[in-house]
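Asks: heads up, no residue letters with this:
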């Protein structure tokens, strides 16, 4: 089975697509166009403040050792 993404340029085509679906020749899968969430927004609040501060301090010390 192959999945294709198509763009409908003429609204009249939807009738043809529905007929093909009724004949069980194709299956229409609706895509939701939700805006993607930024990775930084997904991870906000995931670390405890103390752990995040400890990690930042470790990075600072590590950089100073190499500097």
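Replies: Received the coordinates, thanks. A quick note: this is a predicted structure, and the numbers were derived from the prediction, not measured.

Asks: pLDDT below threshold where in the protein?
Replies: 34, 45, 67 (pLDDT under 70).

Asks: can you give me the helices in it?
Replies: 13-22, 39-43, 49-66 (DSSP state H).

Asks: tell me the most buried of the ones you listed?
Replies: helix 13-22 (a mean of 11; mean count of other CB atoms under 10 Å). (Each C-beta comes from the backbone N, C-alpha and C, glycine too.)

Asks: what residues does that one touch?
Replies: 8, 26, 27, 28 (CB atoms under 8 Å, 6 or more residues apart in numbering).

Asks: circling back to that earlier point, and of the helices of the chain, who's closest to residue 33?
Replies: Nearest to residue 33 among the helices of the chain is helix 13-22 (17.3 Å), distances taken as CB to CB.

Asks: what distance separates the closest one from the centre of its chain?
Replies: Between the centre of helix 13-22 and the centre of its chain there are 29 Å (CA atoms, centre = their mean, to the nearest Å).

Asks: ok, stretch 7-19 next?
Replies: 27 Å.

Asks: equivalent analysis for stretch 3-15, please.
Replies: 23 Å.

Asks: ends of that stretch, how far apart?
Replies: 20 Å (CA to CA, to the nearest Å).

Asks: ok, residue 44 to residue 38 distance?
Replies: 10 Å (CB to CB, to the nearest Å).

Asks: touching both of the two, which residues are there?
Replies: Common neighbours of residue 44 and residue 38 (CB under 8 Å, 6+ apart) do not exist.

Asks: columns distance to residue 3 on top of the helices of the chain, output as CSV?
Replies: What follows is the helices of the chain, written out as CSV (distance: least, CB to CB, whole Å):
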stretch, distance to residue 3
helix 13-22, 15
helix 39-43, 26
helix 49-66, 41
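
Asks: nearest residue to residue 31 in space, ignoring adjacent ones along the chain?
Replies: Leaving aside its sequence neighbours, residue 31 sits nearest to residue 5 (CB to CB, 6 or more residues apart in numbering; 7.4 Å).
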